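S.K.: Got a predicted model here, sequence first, then my questions.
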Amino acid sequence: MKNFKSIALALVAFVSFATTAQTSKKVDASKSTINWVGKKVTGSHEGTITLKEGTLIFKGKKLVGGNFTVDMTTINTTDLEGKGKANLDGHLKSDDFFGVEKFPTATLVIKSLGEKGNGVYAVTADLTIKGKTESIKFDLTVGKNAAETSLKVDRTKYGIQYGSGSFFDNLGDKTISDEFELKVKLVF
């Protein structure tokens with residue numbers, strides 16, 4: 001009888017542990033998308049960038065963490081062609097902007113999450129661009145096999161000041177918005 005109670009207790013403990021254990025779900029980088037929009041006084045440009053790798057961490061069905069690496073060398077302008085596209089892609093990859101030769105990746109690490117209901121989480125994360133890490137907040141909607149978000153990033157927090165009206169006077173119609181927008185879909 002004593003052995004039976006010990007076995008039963010061990011089984012209950014195992015089942016309890018199994019239901020609260022964390023599981024990592026690898027993000028399928030080839031099916032995931034990151035679209036960006038950068039704005040300036042005279043218009044905007046848009047494009048894509050490639051997710052290198054990522055993981056979402058769940059406890060049961062609840063999202064509890066995650067980390068992602070973006071391949072900054074893949075910055076791609078999609079609203080231009082030819083020389084204009086080549087020039088903008090090259091400028092975005094240069095030290096004026098993302099300095100991809102020295103900083104080929106950017107990372108995002110989820111630090112805390114708050115449930116808002118219906119699969120929506122309020123996320124606080126550390127975003128590292130050009131070797132500088134800053135806290136960022138955004139909402140993330142998590143479904144069965146995908147997660148989506150739209151967020152704005154203030155580039156000047158990462159030392160990217162080129163064309164910023166916050167740092168330079170008399171830029172006129174050459175002023176570029178401090179924030180760029182990202183629309184992200186993570187497939188897992």
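M.R.: Nice, I can see it. Residues are numbered from 1 along each chain as shown.
S.K.: Against residue 40, how distant is residue 97?
M.R.: From residue 97 over to residue 40 the distance is 13 Å, taken as Cβ to Cβ, to the nearest Å. Glycine gets a C-beta too; all of them are placed from N, C-alpha and C.
S.K.: so what's residue 115 up against?
M.R.: Counting by Cβ atoms under 8 Å, 6 or more residues apart in numbering, residue 115 touches 62, 121-122.
S.K.: Would you list the buried entries among the residues you listed?
M.R.: residue 121 (16 or more other Cβ atoms under 10 Å).
S.K.: with the contacts of residue 115 in mind, which one is nearest to residue 143?
M.R.: residue 121 (11.9 Å; Cβ to Cβ).
S.K.: Report the beta-bridge partner residues of that closest one.
M.R.: Beta-bridge partners recorded for residue 121 (DSSP bridges): residue 115, residue 140.
S.K.: Quickly note the distance from the spatially most central residue of the chain to residue 53.
M.R.: Residue closest to the average C-alpha location in the chain (Cα atoms, centre = their mean): residue 108, at 5.4 Å. As for residue 108, its distance to residue 53 is 11 Å (criterion: Cβ to Cβ).
S.K.: swap in residue 140?
M.R.: In terms of Cβ to Cβ, residue 140 sits 18 Å off from residue 53.
S.K.: Please apply the same query to residue 26.
M.R.: Applying Cβ to Cβ to residue 26 and residue 53 gives a distance of 8 Å.
S.K.: Neighbour count for the two, which is higher?
M.R.: residue 53 (16 against 10; other Cβ atoms under 10 Å).
S.K.: which residues touch the more buried one?
M.R.: 26-27, 29, 68-69 are the contacts of residue 53 under Cβ under 8 Å, 6+ apart.
S.K.: switch to 7 Å and redo it
M.R.: 29, 69 (Cβ atoms under 7 Å, 6 or more residues apart in numbering).
S.K.: With residue 186 as the reference, measure out to it.
M.R.: Residue 53 is 11 Å from residue 186, by Cβ to Cβ.
S.K.: Would you agree residue 87 falls within a helix?
M.R.: Yes: judged by DSSP: H, G, I helix; E, B strand; the rest coil, residue 87 forms part of a helix.
S.K.: who's more crowded, residue 97 and residue 40?
M.R.: Ranked by neighbour count (other Cβ under 10 Å), residue 97 and residue 40 place residue 97 first, with 24 against 14.
S.K.: helix, strand or coil for the more buried one?
M.R.: coil.
S.K.: Quick check: the gap between it and residue 38.
M.R.: 9 Å.
S.K.: All the strands of the protein, residue numbers only.
M.R.: Under the criterion DSSP state E, strands of the chain are mapped to 22-26, 33-40, 43-59, 62-77, 105-117, 120-129, 132-142, 146-154, 176-187.
S.K.: Rebuild those as a markdown table, extending it with distance to residue 91 and mean pLDDT.
M.R.: Compiled in a markdown table, the strands of the chain are given as follows (distance: least, Cβ to Cβ, whole Å; pLDDT from 0 to 100):
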| stretch | distance to residue 91 | mean pLDDT |
| --- | --- | --- |
| strand 22-26 | 33 | 96 |
| strand 33-40 | 11 | 97 |
| strand 43-59 | 10 | 98 |
| strand 62-77 | 10 | 98 |
| strand 105-117 | 17 | 98 |
| strand 120-129 | 16 | 98 |
| strand 132-142 | 20 | 98 |
| strand 146-154 | 18 | 98 |
| strand 176-187 | 11 | 97 |
